[in-house]
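Novice: Give me coordinates for this.
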Amino acid sequence: MVRPPSSVRRLVRRRPGPPAPAEPIQPTGADEALLADLGAALGPDGLRVDGVERSLLSRDASVFDRGRSGPVCFPRTTAEVQGVVRAAVRHGRAVVPRGAGTGLAGGAVPLGEPVVIALTRMNHILEVDVDNRVAWVEPGVINLDLSNQLRPLGFHFAPDPSSQQACTIGGNVANNSGGPHCLAYGVTSSHVV
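Specialist: Reported below is the predicted structural model:
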């Protein structure tokens with residue numbers, strides 16, 4: 001058996017324990033400016049710096065040890081996402097986008113206290129064009145919600161991960177997710193224009 005390097009072994013744990021509460025961000029200097037810019041981009045209810053929210057969004061469903069998030073942003077519009085990314089870049093901070101956190105690949109685990117952009121509030125099905133078989137959706141739309149809306153029209157969203165009751169389209173695109181239907185219809189990349 002080949003053992004992974006010790007740096008990898010430290011990141012992996014068989015059974016993640018409950019998240020340890022993170023401390024609220026106590027802004028000082030540069031962090032105050034970052035938080036002010038993020039708050040300006042998002043409005044009063046779109047930014048979280050408390051320990052509970054940061055702890056919850058420091059992990060996903062993977063076996064990787066939880067990371068450590070920085071400020072957590074909940075944008076509702078594309079313009080707000082753009083404002084958050086501009087603020088993060090201006091302050092030299094990395095960005096980690098995330099959906100519901102059901103992924104098993106560790107892609108939503110933040111490392112180094114980046115700005116976390118939780119896209120779950122961007123959960124609208126904008127338009128369905130049955131003739132061209134296209135649906136325009138925001139990244140926080142839950143898979144099953146899309147299929148449920150399409151069912152009366154005789155359609156469904158074929159990628160069906162086992163977490164489809166909670167997973168989001170944005171996360172599916174990021175991970176090229178699939179499920180049993182993908183054997184017949186292909187994985188997410190086969191359904192995204």
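
Novice: Helix, strand or coil: sort out residue 189 for me.
Specialist: With DSSP: H, G, I helix; E, B strand; the rest coil as the basis, residue 189 sits in helix.

Novice: what residues are up against the closest residue to it other than its chain neighbours?
Specialist: Distance criterion CB to CB, 6 or more residues apart in numbering; nearest residue to residue 189, sequence neighbours excluded, is residue 176 at 5.1 Å. (Each C-beta comes from the backbone N, C-alpha and C, glycine too.) Residue 176 makes contact with 187, 188, 189, according to CB atoms under 8 Å, 6 or more residues apart in numbering.

Novice: which one among those residues gets closest to residue 61?
Specialist: Nearest to residue 61 among the contacts of residue 176 is residue 188, at 17.0 Å by CB to CB.

Novice: quick one: the residue nearest to the spatial centre of the chain and residue 61, what's the gap?
Specialist: Residue closest to the average C-alpha location in the chain (CA atoms, centre = their mean): residue 98, at 1.3 Å. As defined by CB to CB, to the nearest Å, residue 98 lies at a distance of 12 Å from residue 61.

Novice: Show me the helices in this structure, by range?
Specialist: Ranges of helices in the chain, per DSSP state H, are 6-11, 30-42, 51-56, 78-90, 143-150, 169-175, 182-185.

Novice: Would you reformat those as a markdown table and include mean pLDDT and mean neighbour count?
Specialist: Formatted as a markdown table, those follow (pLDDT from 0 to 100; neighbours: other CB atoms under 10 Å):
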| stretch | mean pLDDT | mean neighbour count |
| --- | --- | --- |
| helix 6-11 | 47 | 10 |
| helix 30-42 | 92 | 17 |
| helix 51-56 | 86 | 18 |
| helix 78-90 | 97 | 17 |
| helix 143-150 | 92 | 18 |
| helix 169-175 | 88 | 23 |
| helix 182-185 | 80 | 12 |
